[in-house]
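Peer 1: Structure here, sequence nowhere to be found:
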C-alpha cells in the first residue's frame, strides 16, 4: 500500500511565533486564499514548483550546468549583471511559461539556486524530525504546529500527523485560515490542542474582493470551534488601509467578545516587508502588495482597543 | 520584558570619555622596571620580581581623575595611558601624522585611537633596546628542545606564523583570590609570612629554606600592595584640599580615609571591597603586563558587604548600582591599547577581565543570585559595554528573573552574558580535575571561556607562557590527505607520520587514521614545547604578588609557579573542529558512501583551491550533511575528532600538572587561523575563516538552533574543562516580546538539561550589520560577539565583520 504523504515546503525548529513555547512548525504547501501581502508566496500553489534563489548561483561561467537540460528550452543565458558582492555574473534566464515542473534543471543545479519547492513526505519522516525536537517542548510548553499554506487543505495527512503527535503526548496546534469545510475541522478537533486561527478581515465584501474568497465561512467556523469547546489563538495580520482602522477593530472586538471564553490569545501581527524578496524566487510575474508597516503607536492603540473588550492581546 | 534602571549623568559622562578615548603611551613604568632589573640584578627571581614591582610602585606617577569614584590608573601619568611598547612595531615617526596637540596619532584607518609624544616615543625606542638586551622575556630565538624546528616550520600551530603572539600569554591567566585579599587584608597576609620566618629565625633546616624564600618574597609583595594603596590614599587627601565643590571634597576625604584603612586591613564596606579588588588587579598588572587576570565571582565576594550596608541603611540600591557602574568603567580603563596581529586576535578594547556572576553557593549548592548579579548585567546593558566579558552561571534552580535580565542584556550587547551551565561544569571539575565539591561550586571563568577555580587554582588554560589556540586542526586535516605536506607552507612532516595522498586511500578509516597519526605527533610536540615553557617559567617568572592571594601557596610556602596552588593544571584549545569534522564527512559522503566523485577529483579540487571545481564545491555545500543540523551522519565525525582530541590531551602532563585540559574556544582565532589554512575538503576556500570555537561552520547550520543544540550534545561536555563556546546569532524579532524571551530561555534550559555546557547569543540582524558597515558613525555602540570576546562592531576589521554576517541568522 502506498504510504500517505503530505506536500511540505518547510519544517522549522525553534519556531517561536507559531503558538506557545518552543515549537516545530510543519509547513504544508497550498492555500485557497490569495492575500496580496502574503509573506510566503511559495506556499500558495499545491504542487511542487521550481524556485530560484539568485544568491546561491555561482554564475554560468563558473558552472552553467543548467543550460541545455530543459526539454522545453525554458533556460537560456541571461544578460551579464552584478552579483551579490558586486562582481560581474551571468545568471540563467528562466522563462516558466512552458515549464512543467519536471525538475531536471534543479537536479542539475549543484548549488541549489534552482530548486524544487515542495517535498512529498510521509508521516513517519515528519515524525522522525519531531521526535528529535521533543526535548525542547517540555519545559517551554511547546509542541508541534501544523501550518501552511492551509494545512487543512491536505486533511488526511494533517489528521494523521496530529494523531501521531498525540500518541506521543505532544502538544499540537493547527494553524489555519479557517477557510475549510466544517467537517474537516470537526475531524481534527480531538487531536488539536489549539487552533491558531487567522482572522484577516471582518468585512465580507472586502474579504472577497481583496483575498479572493468570501469570509463568512471563516467567521462561522470560528464560532463553531468555540461552541465545540476548542481553544482559539486568534491571529490578526494588521494591514495598512485594509483592516487597521479603529472602526474595523471595533468589529473585531465585538465578534471576539462573543467567543471570549474560548480565546487564549489574540496575536496582532504587524505587516512587515520580509516576504517581499521571496516573490522573485517564484520566477513568475506575480506581484506583492507593498506598504509601509504600521507604526508602534498604532499597534499599541489597536491592542488597547481589544484589551478594553477584555481580551488577552499581544503584539508579535 | 526586563526593565533596566536609569543611569546617572556622571556615569554616562565617564562612559563617553572611555568610549571616545585616545590611548597615550607613557613609558614610566617600563623605565622603572628596567631600572629595577638593573638595580637588583643577580638576586634570585623569586625575590627579585616583587622587589622590582615595589620599585615601580614606589616611584611611578599616579593620578586620580576629577570624576573618579574609585582610584587606580594603568598609565599613571595620563588618563588612558599605556606602556605603548607594542606600538613600536609601527613606523610611527613616518606613518603617524602629528596633530596640533604635538602628538603623533595613529592614522585614521586605525580602529583604535593611539597617540604618543615625540619625547615619549624616543624614550620608548631606547627602552625597547634595553629590553631586548636583558629584559627577561624568552622567545623563539632561544634554545629549544632538539628538533623542535621540524614541528615549528610546518605552520600547523601558532609557532612559525610570523606576527602571531609568541610567548605573550602571561602566567596570570586565571582568577586571583580577591575574596582572600578583601577578607584578610594585606597586613594579616604579611604577618602570616613574617610570623613563619620569625618562628624559625636562625634555624632553617630541610625544606625550610625554600619556604623561607617564598615567605620573604610574600612580605615584599605585600609591601608593594600596601604602598600602592597608601600612595593613592595620600593623593586623595591632597586632592581633597583643592577640590572644587564641598561634595567632591567630602568624597575625596572619605576615599582617603578608606584607602588608608584598606592598605593594611580587610574591607568594611561595599566600596572598600570593590576598591580592594580594583587595586589588587592593578597591582598584579604591574608585574604581569596588561590585565589578563579575571575578576572572579564579583557578585559573591562583594555581596556580604553590600548586604550589611543595606541593612544598616548606609547605602541605597541606586547608590550601589552607581558604584557597580563605576567599577566596570574603571576596569575598562585597564586597557593597554593592543596593536597589530595581537589586536586583531585579542580584539580592540578587550581587557579579558572576565567577570563571573550567579551560580550557586559553595557551601550548600543553593542558588547564589543576589542584587549585584542583576546590577552587573544592568551595567553592561545600560552602558553598552562590550567589556569585560560577563559569564552568568546558571543551574536548574536559577530564577527565571535572572534569565530574563540576561536575555534582555543580550539584546542590548551582543553575546553578553555567556551562559555557563553549573550542572555540567561542577561535576566536570570534580571528575576531570579532582576539585572538591565546594571548590567546584566556586568556579569562575577567565579569558575567553576558560573554566578555573576562584583563588585556589593555577590553571594555565592556554598553556604556560604559551601561544593561544594550540594546534591548527584544519591544517592537520589538509596535511592528512596530502602526505603530511601543509599545502600553504609546502613543508612536510617527517616520514613516520605521513600517510600518502587522499587518492591513495581506499576507505574513510584510512583517512581518519592518517589524521590521527599526524594529530598525535603534532599535539605531543606542541605540549612538549609547552612543558619547556613551563620549565622556563618556573626558573624566571615566579609570581609572589599572585601567590599571596592563592589558596595553597601561603599554607605550603610555595609560589604558584612551582605548584603552590591548591589546584594545578594546564591546557589548550581546539577551535573550529567543525571544519575538520565536515571535511571528513565530505570525503566519506562524496567519495566512499555515495561515490559522487573520486578521491582524486576531490583531492585535486581542494589543492586547486576549488578553481575550476565550483559545481563540485556547491554540491558539497548543499548536499553533504554538516555538523549543526542534528544529523547523526555528520555529528558522528565531530564526535570522532573530539574524542580523539580529548584522548590525546589526556596523555599529556608535566612536573607541575597531571592534567592537560581540553577545550573548544578561541578569541578570534578562527579568522586568524583561516587566513593561514589552505582550502579544506568541506568546501571552504583558502583564507576563509574556519568554524569558530564549538560552533557549526558558518551558515552550514540550516535547521535552526534546536538542531545546533542537539548536534552539540553528541559528545560529553563534562570532559572539556578548559571551557567551550557555542555562538548563535538570533534575529532580533525572536526577542521582540516576553513570549520570545521566555522561549529562548526555555530552549537554552533544555539544551543545558541535555548536557550543554555553554552558549552565547548575538541578537542582531544582517541588515543592521550591513548598515553599520556602510555607516559606522550611526552604529557607534553596536556590540557583537566574535568567539572569545565581544566588541564594538564598527571597530572590527572587515574580515571579522564579514565572519559575523556569514553566520546563520536564526529567525522565527
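Peer 2: Sure thing, it's come through. In this text, all values refer to a predicted model and were calculated from it rather than measured experimentally.

Peer 1: quick one: contacts for the residue lying closest to residue A:10 once chain neighbours are set aside?
Peer 2: In this structure, residue A:10 finds its nearest non-sequential neighbour in residue A:27, 4.3 Å apart by CB to CB, 6 or more residues apart in numbering or on different chains. The C-beta positions use only the backbone N, C-alpha and C, and glycine is treated the same way. Neighbour list for residue A:27: A:8-12, A:40, A:43, A:147-149 [criterion: CB atoms under 8 Å, 6 or more residues apart in numbering or on different chains].

Peer 1: redo that, cut-off 6 Å
Peer 2: When contacts are counted by CB atoms under 6 Å, 6 or more residues apart in numbering or on different chains, residue A:27 touches A:9-10, A:147.

Peer 1: For those residues, please prepare JSON lines with the additional fields distance to residue B:635, secondary structure and neighbour count.
Peer 2: Shown next, in JSON lines, are the contacts of residue A:27 (distance: CB to CB, whole Å; DSSP: H, G, I helix; E, B strand; the rest coil; neighbours: other CB atoms under 10 Å in any protein chain shown):
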{"residue": "A:9", "distance to residue B:635": "26", "secondary structure": "strand", "neighbour count": "22"}
{"residue": "A:10", "distance to residue B:635": "22", "secondary structure": "strand", "neighbour count": "17"}
{"residue": "A:147", "distance to residue B:635": "28", "secondary structure": "strand", "neighbour count": "25"}
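
Peer 1: and which of the residues you listed is nearest to residue B:678?
Peer 2: Nearest to residue B:678 among the contacts of residue A:27, counting by CB to CB, is residue A:10 at 36.0 Å.

Peer 1: Around chain A, which positions in the stretch 201-350 of chain B sit nearby?
Peer 2: Counting by CB under 6 Å from any CB of the partner chain, the stretch 201-350 of chain B comes close to chain A at no residue.

Peer 1: Pull up the gap between residue A:146 and chain B, please.
Peer 2: Distance, residue A:146 to chain B, using CB to the nearest CB, to the nearest Å: 17 Å.

Peer 1: Helix, strand or coil: sort out that residue for me.
Peer 2: strand (DSSP: H, G, I helix; E, B strand; the rest coil).

Peer 1: and the gap between residue B:485 and residue B:497?
Peer 2: Distance from residue B:485 to residue B:497, counting by CB to CB, to the nearest Å: 12 Å.

Peer 1: er, residue B:600 I mean
Peer 2: 23 Å.

Peer 1: Those two: which has the busier surroundings?
Peer 2: Taking other CB atoms under 10 Å in any protein chain shown, residue B:600 and residue B:497 do not tie; residue B:497 has more neighbours (18 against 13).

Peer 1: Give the pairing partners of the strand or helix carrying residue A:26; include direction for each.
Peer 2: According to DSSP states H and E, residue A:26 maps onto strand A:23-28. Its sheet considered, strand A:23-28 pairs with strand A:5-15 (antiparallel), strand A:143-147 (parallel) by DSSP bridges.

Peer 1: Neighbouring strands - and their directions - for whatever helix or strand comes next after it?
Peer 2: Remark: after strand A:23-28, the chain's next helix or strand is strand A:49-52, criterion DSSP H and E. Here strand A:49-52 has these sheet partners by DSSP bridges: strand A:114-117 (antiparallel).

Peer 1: For the partner strand, give me every contacting residue.
Peer 2: A:9, A:42, A:48-49, A:51-52, A:66, A:103, A:105-106.

Peer 1: do that again at 10 Å, thanks
Peer 2: Applying CB atoms under 10 Å, 6 or more residues apart in numbering or on different chains, the contact partners of strand A:114-117 are A:7, A:9-10, A:29, A:42-43, A:45, A:47-53, A:56-57, A:65-66, A:69, A:75, A:92, A:94, A:101-109, A:281-283, B:622.

Peer 1: ok so residue B:794 is a helix residue?
Peer 2: Yes: with three-state DSSP as the criterion, residue B:794 is part of a helix.

Peer 1: List the contacts of residue A:17.
Peer 2: Shown in contact with residue A:17 (CB under 10 Å, 6+ apart): A:23, A:25, A:145, A:196, A:235, A:267, A:269, A:316, B:733-734, B:736-737, B:739-740, B:743, B:811-812.

Peer 1: quick revisit: which member of the contacts of residue A:27 is positioned nearest chain B?
Peer 2: Distance to chain B, by CB to the nearest CB, is smallest for residue A:10 among those, at 10.5 Å.

Peer 1: how many other residues sit next to residue B:424?
Peer 2: For residue B:424, using other CB under 10 Å, the count is 22.

Peer 1: anything in contact with each of residue B:485 and residue B:497?
Peer 2: Joint contacts of residue B:485 and residue B:497 (CB under 10 Å, 6+ apart) are residue B:479.

Peer 1: Which of the three states applies to the closest residue to chain A within the stretch 1-150 of chain B?
Peer 2: Closest contact between the stretch 1-150 of chain B and chain A, by CB to the nearest CB, is at residue B:1 (11.8 Å). The local conformation at residue B:1, judged by three-state DSSP, is coil.

Peer 1: same question, residue B:558
Peer 2: Taking three-state DSSP, the label given to residue B:558 is coil.

Peer 1: List phi and psi for it.
Peer 2: Dihedral pair for residue B:558: phi -130, psi 140, per degrees, to the nearest 10.

Peer 1: tally of neighbours for it?
Peer 2: Neighbours of residue B:558 (other CB under 10 Å): 20.

Peer 1: so who does it touch?
Peer 2: Applying CB under 10 Å, 6+ apart to residue B:558 gives the contacts B:207, B:210-211, B:214, B:542, B:547, B:550, B:552, B:564-565.

Peer 1: Would you point out the most distant pair within those residues?
Peer 2: Largest separation among the contacts of residue B:558 by CB to CB: B:207 and B:550, giving 19.3 Å.

Peer 1: neighbour count winner among the two?
Peer 2: Just comparing residue B:207 and residue B:550: by other CB under 10 Å the higher neighbour count belongs to residue B:550, 28 against 10.

Peer 1: follow-up on the earlier one: quick check, nearest of the contacts of residue A:27 to residue B:752?
Peer 2: For the contacts of residue A:27, the nearest to residue B:752 is residue A:10 (27.8 Å; CB to CB).

Peer 1: Contacts only, for the closest one.
Peer 2: Applying CB under 10 Å, 6+ apart, the residues near residue A:10 are A:25-29, A:40, A:42-43, A:117-119, A:147.

Peer 1: and it, how far is that from residue A:123?
Peer 2: Applying CB to CB to residue A:10 and residue A:123 gives a distance of 17 Å.

Peer 1: ditto for residue B:64
Peer 2: Distance of residue B:64 to residue A:123, given as CB to CB: 72 Å.

Peer 1: More neighbours: which of the two?
Peer 2: Taking neighbours as other CB under 10 Å, residue B:64 and residue A:123 compare with residue A:123 leading, 22 against 19.

Peer 1: What parts of the stretch 551-700 of chain B come near chain A?
Peer 2: Residues of the stretch 551-700 of chain B found near chain A (CB under 10 Å from any CB of the partner chain) are B:596, B:610-623, B:629-632.
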